[in-house]
Structures are given as C-alpha cells and as structure tokens.
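A.B. asks: Provide a 3D model corresponding to the input given below.
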Amino acid sequence: MMEDKIDDKLDVVIVGGLGHVGLPLGIAFADKGLKVCLCDIDKKNADLVKKGVMPFIEYGAEPILKKVIKNGKLTVSLDISAISKAQYVVIAIGTPVDEYLNPKTRQFLEFFDDIKKYLNEDQIIIIRSTVYPHTCQQILNLLNGKGQISYCPERIVQGYAIKELKELPQIVAGLSDKAVEEASKLFSMVSLKIIRTSMGEAELVKLFSNAWRYIQFAVANQFYMISHNFGVDYDKVRNAMREGYERAHSLPSAGFAAGPCLLKDTMQLSAFNINNFLLGHAAMMINEGLPNFIVEDLRKKHDLSKTKIGILGMTFKADIDDIRDSLSFKLGKILRFYGAKIFYSDEYAKNPDFVSKEELITNSDVIIVAVPHSAYKGLVIPQDKEVIDLWKVTKKE
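C.D. replies: Modelled structure (predicted):
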C-alpha cells in the first residue's frame with residue numbers, strides 16, 4: 001500500500017486514529033482547518049479512510065471525511081514516526097485488561113517508552129484513552145521531559161461522536177500549566193465548553209461516568225428480574241413510576257448492558273480501590289447474569305435440546321455495527337450448551353453465519369430481541385412464536 005506523503009509540519013497526530021475514538025476526533029479537527037494525521041497499524045481501515053469511506057458506523061461522519069481527505073487536511077500513516085512532526089500528539093489507543101479484568105498498565109507504558117524517541121519537550125501529549133489512576137504521572141516520569149502531558153478523556157456514545165463532540169463539555173487536565181492551556185485551546189475548536197480539573201479529578205470523572213451508567217443499568221435489570229419472577233411487567237411498573245414523578249425519571253429500561261467500556265471501567269475502578277467496590281461487583285453479576293436468567297427461564301418451559309431459538313441483534317448496542325463484548329454471543333453460547341439450535345441475525349454487523357430477520361422469525365420457535373435496532377421497531381411476530389423482548393420494540397400479529 002502506498003503511504004500518503006506526510007507534511008513536514010502537522011498540527012495534530014492521533015495515534016489509534018482509525019479507531020472508534022480517534023477517527024471521529026481527527027475528522028472533527030480536520031474540519032476546523034487543522035492539518036491532522038491519523039496514525040495506526042490497521043491497513044484495512046487505512047485503505048478505506050484514504051478513499052473517504054468510514055470503516056464503521058459513525059453517523060454524520062462520512063461526508064466530512066470525504067471533504068477533509070479531498071482537501072488534504074486529513075492524512076493517514078502507518079508509520080509511528082509521524083508523531084515527530086506534530087504540535088499535538090493525541091493518544092487514542094485501547095487500554096487492555098487481563099483475564100482477571102485488571103488493567104494492563106505495563107503494556108500501555110511500554111508503548112510510551114517505544115515512542116519517546118520521536119517526541120520533544122515542546123509537544124503537547126494528550127491522553128484520550130481511558131487510563132488507570134496515576135498512569136499519566138507514570139507516563140510523565142517515563143518520558144523524562146519529552147512532551148507536556150494532558151488528559152482529555154472522551155465520554156461520547158459510540159456512533160454519535162460527530163454530534164456529541166460539539167455538544168458535550170470536554171474535561172481537560174494536565175501535569176503542567178502549558179499542557180492545560182494548550183489542550184484547552186485545541187479542544188475549544190470542537191467542544192462547546194472546557195472544564196478544567198486536576199489530574200486525579202479527570203481520571204475519576206471518566207471511570208465514575210462509565211461505572212455510574214453500568215450501575216444504573218444493573219438496577220433496571222435487577223428490577224426486571226424481580227418483576228418477572230413476581231409475574232409483573234417491569235415496563236408497566238417503570239412507566240407508572242416515572243409518569244409525573246421526576247425523581248424516578250432516570251430509571252432505564254431493562255436490557256443487555258455491554259460494550260468495550262462500561263464493564264471494563266467498572267472493574268478498573270474496583271481494582272484501583274483495592275477490590276472494594278461492592279456496587280460495581282454487584283452490577284457486574286447482574287448485567288453479566290442477565291443472559292443466564294433468560295436461559296433459565298426458558299428451561300422451565302422448554303426442552304432446549306428440541307428448541308430452535310433466534311437472537312435478533314448481535315451488536316453491543318442499537319444501530320451500530322460493533323460486536324465487541326456483546327452479550328448476544330454469551331446468550332447464544334449458553335443456549336447452545338443446553339442443546340438449542342440457534343439462529344443469529346443483525347441489521348448492521350456482517351457475518352456469513354447470520355441470517356436475515358425474516359428467515360430467523362420463520363425458522364425459530366422462540367425469538368429473543370437482544371438489541372433494539374431501529375429496524376426491529378414495530379416488527380410483527382406471528383402469534384405461534386414465543387417472543388422475549390425486553391425492549392418492547394416488536395408486536396404480535
């Protein structure tokens with residue numbers, strides 16, 4: 001693959017620039033006239049982006065991408081040395097956890113050890129990735145004067161970054177006055193408001209935000225399980241609670257709570273607090289246990305070894321194409337363990353083993369709506385089919 005010619009001077013290089021966090025941010029900066037380079041190792045996504053094609057669903061992004069690729073404000077590189085040419089270096093790589101859901105901080109720090117030869121003391125290094133508390137200070141110590149460290153966490157709903165970058169306040173923290181000032185100046189080009197905090201506050205803002213959402217979903221899912229076991233419709237209970245009663249308005253509907261951030265960040269917070277985060281642990285057991293609850297309820301009514309079950313929706317949330325950490329696959333795995341024949345379908349995620357929603361409905365005895373894609377709203381299910389629809393998006397004939 002031919003490399004794009006990278007100018008001698010760039011405003012911004014985004015490492016991990018072809019991912020769900022880095023690419024929308026790079027598009028937004030380039031649309032404001034900055035010279036942006038997306039630095040990554042994903043050759044397939046690089047080819048697509050160079051053609052002005054989004055490699056994943058990001059609403060409103062592709063028309064802007066085509067424009068900034070065409071006018072040269074946005075370039076792509078597979079060469080990490082490109083960071084030496086930028087005033088701002090934004091780090092948007094994933095922060096992995098091990099099999100015990102503890103953060104792999106060493107791997108993240110080793111990355112900075114590898115790139116420090118390309119950095120200089122005047123560059124502004126902006127950590128966009130979710131980090132374990134105190135990680136930014138460790139990066140500063142490791143770089144030994146190479147660059148000014150800022151932490152600007154993202155808090156955007158996947159698929160809607162282009163919209164939310166303009167609407168959400170941006171948290172900015174830094175380990176020097178220059179880092180804070182320069183990061184604030186950069187993000188003020190795309191963000192409605194800048195909120196300056198200490199480094200410790202910023203690190204916890206990110207972790208608390210995702211843990212809070214995860215716990216809220218767990219409350220709803222626990223209420224759903226209690227209601228179901230009591231023979232009561234949770235949605236009717238929820239609607240009665242919320243109508244004209246603002247104090248209950250934030251109660252979510254039940255459903256799978258998954259994806260690459262909520263569980264991971266809840267467990268990172270637990271690890272940071274020496275595994276003393278009982279609410280987080282309980283939320284994990286409830287949310288991760290919802291597929292088991294559904295299966296156990298089905299086992300009371302069916303011999304699963306003789307039952308054909310269709311799962312509608314395989315992504316981790318509605319109207320996107322990302323299947324990372326989706327609980328739909330966990331649900332299918334448990335059902336297969338008990339001998340059920342499983343059909344999978346999704347409107348956005350592509351897999352040769354998936355079938356159309358029409359074929360799934362025809363061939364299944366039981367239909368489980370795992371993700372409330374817009375295409376399922378009002379979907380008519382035949383009367384002779386059993387439906388498990390926590391989201392209440394389908395209807396019977």
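A.B. asks: Show me the helices in the chain, by range?
C.D. replies: Secondary structure of the chain (DSSP state H): helices at 22-31, 43-50, 62-70, 105-115, 135-143, 161-167, 177-187, 199-229, 234-242, 262-272, 278-299, 327-337, 357-363.
A.B. asks: I'd like to know which elements the second one is packed against.
C.D. replies: In terms of contacts (3 or more CB pairs under 8 Å, 6 or more residues apart in numbering; DSSP states H and E), helix 43-50 is packed against helix 62-70, strand 74-77. Every C-beta, even on glycine, is put in place using the N, C-alpha and C of the backbone.
A.B. asks: Can I get the helices of the chain in JSON lines including mean neighbour count?
C.D. replies: Output for the helices of the chain, formatted as JSON lines (neighbours: other CB atoms under 10 Å):
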{"stretch": "helix 22-31", "mean neighbour count": "26"}
{"stretch": "helix 43-50", "mean neighbour count": "17"}
{"stretch": "helix 62-70", "mean neighbour count": "17"}
{"stretch": "helix 105-115", "mean neighbour count": "15"}
{"stretch": "helix 135-143", "mean neighbour count": "18"}
{"stretch": "helix 161-167", "mean neighbour count": "17"}
{"stretch": "helix 177-187", "mean neighbour count": "19"}
{"stretch": "helix 199-229", "mean neighbour count": "19"}
{"stretch": "helix 234-242", "mean neighbour count": "15"}
{"stretch": "helix 262-272", "mean neighbour count": "22"}
{"stretch": "helix 278-299", "mean neighbour count": "18"}
{"stretch": "helix 327-337", "mean neighbour count": "18"}
{"stretch": "helix 357-363", "mean neighbour count": "16"}
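A.B. asks: got those as JSON lines, with mean pLDDT columns?
C.D. replies: Formatted as JSON lines, the helices of the chain follow (pLDDT from 0 to 100):
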{"stretch": "helix 22-31", "mean pLDDT": "98"}
{"stretch": "helix 43-50", "mean pLDDT": "98"}
{"stretch": "helix 62-70", "mean pLDDT": "98"}
{"stretch": "helix 105-115", "mean pLDDT": "91"}
{"stretch": "helix 135-143", "mean pLDDT": "94"}
{"stretch": "helix 161-167", "mean pLDDT": "97"}
{"stretch": "helix 177-187", "mean pLDDT": "98"}
{"stretch": "helix 199-229", "mean pLDDT": "97"}
{"stretch": "helix 234-242", "mean pLDDT": "97"}
{"stretch": "helix 262-272", "mean pLDDT": "91"}
{"stretch": "helix 278-299", "mean pLDDT": "97"}
{"stretch": "helix 327-337", "mean pLDDT": "98"}
{"stretch": "helix 357-363", "mean pLDDT": "97"}
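A.B. asks: Which one of the helices and strands packed on helix 43-50 lies nearest to residue 17?
C.D. replies: Residue 17 sits nearest to strand 74-77 of all those, at 7.4 Å, using CB to CB.
A.B. asks: Could you give the separation of the closest one from the chain centroid?
C.D. replies: Remark: strand 74-77 is offset 23 Å from the chain centroid, using CA atoms, centre = their mean, to the nearest Å.
A.B. asks: coming back round to it: just so I know, which of the helices and strands packed on helix 43-50 lies nearest residue 294?
C.D. replies: Among the helices and strands packed on helix 43-50, helix 62-70 sits nearest to residue 294 (CB to CB), with 36.1 Å.
A.B. asks: can I get the CA coordinates of that closest one in PDB?
C.D. replies: Backbone C-alpha positions of helix 62-70 (Å, rounded to 0.1, in the frame of the first residue of the first chain) are rendered in PDB as follows:
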ATOM      1  CA  GLU A  62     -18.600  10.200   6.100                       C
ATOM      2  CA  PRO A  63     -19.500  13.300   4.200                       C
ATOM      3  CA  ILE A  64     -17.000  15.300   6.300                       C
ATOM      4  CA  LEU A  65     -14.400  12.600   5.900                       C
ATOM      5  CA  LYS A  66     -14.700  12.700   2.100                       C
ATOM      6  CA  LYS A  67     -14.200  16.500   2.300                       C
ATOM      7  CA  VAL A  68     -11.200  16.600   4.600                       C
ATOM      8  CA  ILE A  69      -9.500  13.700   2.700                       C
ATOM      9  CA  LYS A  70     -10.000  15.600  -0.600                       C
END
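A.B. asks: list the helices and strands it packs on?
C.D. replies: Checking 3+ CB pairs under 8 Å, 6+ apart, helix 62-70 ends up next to helix 22-31, helix 43-50.
A.B. asks: May I see the ones you listed arranged in TSV, with distance to residue 231 as well?
C.D. replies: As requested, the helices and strands packed on helix 62-70 are exported to TSV (distance: least, CB to CB, whole Å):
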stretch	distance to residue 231
helix 22-31	45
helix 43-50	49
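A.B. asks: And those: which comes nearest residue 62?
C.D. replies: helix 22-31 (9.1 Å).
A.B. asks: Report the angle between the closest one and helix 43-50.
C.D. replies: Between helix 22-31 and helix 43-50, the angle comes out at 30 degrees (axes from the mean of the first three to the mean of the last three CA atoms, to 10 degrees).
A.B. asks: from the chain's centre, how far out does helix 22-31 sit?
C.D. replies: For helix 22-31, the distance to the chain centre is 17 Å (CA atoms, centre = their mean).
A.B. asks: Then stretch 105-114?
C.D. replies: 22 Å.
A.B. asks: before we move on, what about stretch 84-96?
C.D. replies: Its chain's C-alpha centre and that of stretch 84-96 lie 18 Å apart, by CA atoms, centre = their mean.
A.B. asks: repeat for stretch 306-315
C.D. replies: 24 Å.
A.B. asks: Start and end of that stretch, how far apart?
C.D. replies: 27 Å (CA to CA, to the nearest Å).
A.B. asks: Can you mark which positions in it are buried?
C.D. replies: By neighbour count on 16 or more other CB atoms under 10 Å, the buried set for stretch 306-315 is 307, 309, 310, 311, 312, 313, 314, 315.
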